[in-house]
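give me a model of this one.
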Amino acid sequence: MSVSDRPWNLRSKVWLELEGHPVIGEGRIAMLQAIHRHGSILHASREIGISYRRVRGAIRDMENTLGCPLVKAFRGGEEGGGAKLTATAQDLVESFNRVANGFQREIDMRFREVFR
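Numbering: from 1, shown residues only. The predicted model follows:
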């Protein structure tokens, strides 16, 4: 049996690093997208199955590494609290998705050429 006769699957991950430190990958992108969808860190944390505290910590880590805010949180009040992505965060999500999607298409094409 040859290598190409086996039912191979390819798995890959994409993340961005800054000065050798991982900053953002698929999980944190999903987190930011959930915050954008829900307008709430709490609701986003419930959707992605990660504690509110852990989501806040991830936001803080990214912001500290990048040196700029990514999420603007609002405390309660008549309308309740909420959160929204900054323009920087929105640009980061869009750019990451363009790179990751292009990377995945390229990898899939190469995989089919070699293993199919």
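
can you get me a residue count around Ala30?
Using other C-beta atoms under 10 Å, Ala30 is surrounded by 15 other residues. Yep, even glycine has a C-beta here, placed from its N, CA and C like the rest.

ok, it touching Ile48?
Yes. With contacts defined as C-beta atoms under 8 Å, Ala30 counts as touching Ile48 at a distance of 5.8 Å.

dead centre of the protein: give me the residue that sits there.
Nearest to the mean C-alpha position of the chain, counting by C-alpha atoms, centre = their mean, stands Ile29 at 1.4 Å.

element containing it, please.
Applying DSSP states H and E as the criterion places Ile29 in helix 26-38.

got the contact list for that helix?
Taking contacts as C-beta atoms under 8 Å, 6 or more residues apart in numbering, the residues outside helix 26-38 that touch it are 13-15, 41, 43-45, 47-48, 50, 55, 58-59, 62, 70-71, 83-85, 89-90, 92-93, 96-97, 100.

break down this structure into its helices, ranges please.
Per DSSP state H, the chain has helices spanning 26-38, 41-48, 52-66, 87-115. These are given in chain order.

now the shortest one against helix 52-66, angle please.
With axes from the mean of the first three to the mean of the last three C-alpha atoms, to 10 degrees defining the directions, helix 41-48 sits at 110 degrees from helix 52-66.

pull the CA atoms of helix 41-48 into CSV?
In CSV, the C-alpha atoms belonging to helix 41-48 read as follows (Å, rounded to 0.1, in the frame of the first residue of the first chain):
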residue,chain,number,x,y,z
ILE,A,41,-18.4,39.6,27.1
LEU,A,42,-20.6,37.5,29.3
HIS,A,43,-22.8,36.2,26.5
ALA,A,44,-19.7,35.6,24.3
SER,A,45,-18.1,33.6,27.1
ARG,A,46,-21.2,31.4,27.3
GLU,A,47,-21.3,30.9,23.6
ILE,A,48,-17.7,29.7,23.3
